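J.: 3D, please:
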Amino acid sequence: MQLKCLAASAAVIAAMTGAAHAADVTGPAFGDTFNVTDTSVDLSQLTRENFYDVLVPLAKKDGEMTFYSYWPPAPLVVFQNQIIPAFEKKYGIKVHFNSVETNVGLPQLDAAYKEGKPSPMDGYFSSDLPADLNEMANIRLTDILPNAADLDPSLAYEYRGIEHNGAYVPFHGNQTVIAFNSAFVKGDEVPQTFEDLLAYSKANPGKVAITSPLRGGSGSGFLTAVSHKLMSDDCVAKWMDLSADEAAADKLVNNSECFAPVWAYFNDLLETAQITNGNTDTLNLMANGVANVGTAWEDLTFSYVMGNQLPDTVRVTILNGGQPGGAEGAFIPSNTANLAAALLFMDEILAPEHQAWKLAGFASRSPKTELDASLIPAEAQKLLVPADIYEEGRISNANPVMSRVVRDAFAANVLDK
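T.: Sure, this is the predicted structure:
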């Protein structure tokens, strides 16, 4: 990702969103005018109330669209086995589906945008936003999609510190956790705090696996959690400043004492804990009995246990002080050639029956407030973070520029020591 470009775009949008957020929901999410090249839909008149009446006839004229999704197993299955068949049956619109990694799909979108050509996809479930946010349709999707009426507001208008004002629809809720094998880690041994985790690692050398923040999201999430817990309130406030640019990040991370306790904690922990090259590597160490405790994603751990890749004695929790969680989502490119169909599909992914299906089958948390873990069968509930811990335990990430500087500093102050 071109972080400097993204940061610049974010700064511009952040300046505009205060006014836009209070504006008429039929106005653009950011900017003065809508930026879509397909003008077949009068977006200034589109509302939740007339959504289907306006869009269905227009979408059926073209009769097809293309949707990209990046790799996570749960969303891929949900799109292919649940959402797309239901959408095609409901509207008679063919969906061409491609599994395309974010670091491949976003450059494709960027190239088409710069060449003035239609986007290769009409919608994209992506783990990141385009480097140039103008490549994303500036439509207030979360305010006009009928199925978005009950979205969690904390997930609906910003992603990873970037305010998009509703142009990126949260779909797949996820949570970083500490996974542990309850067959070996019992009672008081189960870590509840960061100090507990350190103590367990010292008492059981080699039995804790920490995903490298440079190689996996559970690792970068754990770095965020440790920083949030160990730094002073003043340092945390500066670290979580969404407007922070490269200079501010460098000053905070590399030219202050804010992160000194963070590096000290990791250097102490990694004297006895293993550091792994990715999320799956950590879980594989647990599957093979090499590690008893590890940093992980809740949904990935759930899928591993349900697929018999991990023992059914593995459980997950969130350490006191919180660990990062959120919701990855989808957006419509501003240069889509099938805007009506894309809008209908974005609404479809939030349909209650689909959100319930992925929650029950894959522990993919829903951004919809009316759906919760009670929909998951009792035998699967034990594999999730307990509801009371989950409600209190989710914290946010810093913006991408700050996060990148912190990861670089981790490499210099921990990995290279």
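J.: low-scoring stretches of the stretch 201-350 of the chain, by residue?
T.: For the stretch 201-350 of the chain, applying pLDDT under 70 flags no range at all.
J.: which residues touch residue 294?
T.: 178, 179, 180, 208, 209, 210, 211, 276, 282, 283, 285, 286 (C-beta atoms under 8 Å, 6 or more residues apart in numbering). Using the backbone N, CA and C atoms, a C-beta is placed for each residue, glycine as well.
J.: Please disregard the earlier target; I meant residue 236.
T.: Contacts of residue 236 by C-beta under 8 Å, 6+ apart are 227, 228.
J.: And the average pLDDT for stretch 166-173 is what?
T.: Here stretch 166-173 scores 96 as its mean pLDDT.
J.: Hmm, I typed the wrong one, I wanted stretch 380-391.
T.: 84.
J.: And it, end to end?
T.: 18 Å (C-alpha to C-alpha, to the nearest Å).
J.: Can you mark which positions in it are buried?
T.: 380, 383, 384, 385, 389, 390 (16 or more other C-beta atoms under 10 Å).
J.: was I right about the third one contacting residue 363?
T.: Yes. Under the criterion of C-beta atoms under 8 Å, residue 384 makes contact with residue 363 at 5.8 Å.
J.: circling back to that earlier point, of the contacts of residue 294, which is the most crowded?
T.: Highest neighbour count within those: residue 282, with 31 neighbours (other C-beta atoms under 10 Å).
J.: rewinding a little: just send the contacts of residue 294 back as a markdown table, with distance to residue 38 and secondary structure too.
T.: Below are the contacts of residue 294 laid out as a markdown table (distance: C-beta to C-beta, whole Å; DSSP: H, G, I helix; E, B strand; the rest coil):
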| residue | distance to residue 38 | secondary structure |
| --- | --- | --- |
| 178 | 46 | strand |
| 179 | 45 | strand |
| 180 | 50 | strand |
| 208 | 52 | strand |
| 209 | 48 | strand |
| 210 | 47 | strand |
| 211 | 41 | strand |
| 276 | 45 | strand |
| 282 | 43 | helix |
| 283 | 43 | helix |
| 285 | 49 | helix |
| 286 | 48 | helix |
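J.: now for the residues you listed, which pair is the farthest apart?
T.: 180 and 276 (15.5 Å; C-beta to C-beta).
J.: And the protein, split by domain according to the record?
T.: Following automatic domain parsing, the chain resolves into domains at 3-173+327-377, 175-325+392-415.
J.: and the first one, how far out from the chain's middle?
T.: Yep, that's domain 3-173+327-377 we're talking about. 14 Å (C-alpha atoms, centre = their mean, to the nearest Å).
J.: ditto for the shortest one
T.: Distance of domain 175-325+392-415 from the chain centroid (C-alpha atoms, centre = their mean) equals 16 Å.
J.: would you list every one of the helices in the stretch 151-300 of the chain?
T.: Assigned by DSSP state H, counting those that start in this stretch, the stretch 151-300 of the chain shows helices spanning 153-156, 194-203, 217-230, 233-239, 246-254, 260-269, 279-287, 298-306.
J.: Helix 260-269 and the second one, what's the angle between them?
T.: For the pair helix 194-203 and helix 260-269, the angle between their directions (axes from the mean of the first three to the mean of the last three C-alpha atoms, to 10 degrees) equals 30 degrees.
J.: Kindly report the same for the longest one.
T.: Inter-element angle recorded for helix 217-230 and helix 260-269: 130 degrees (by the same axes, to 10 degrees).
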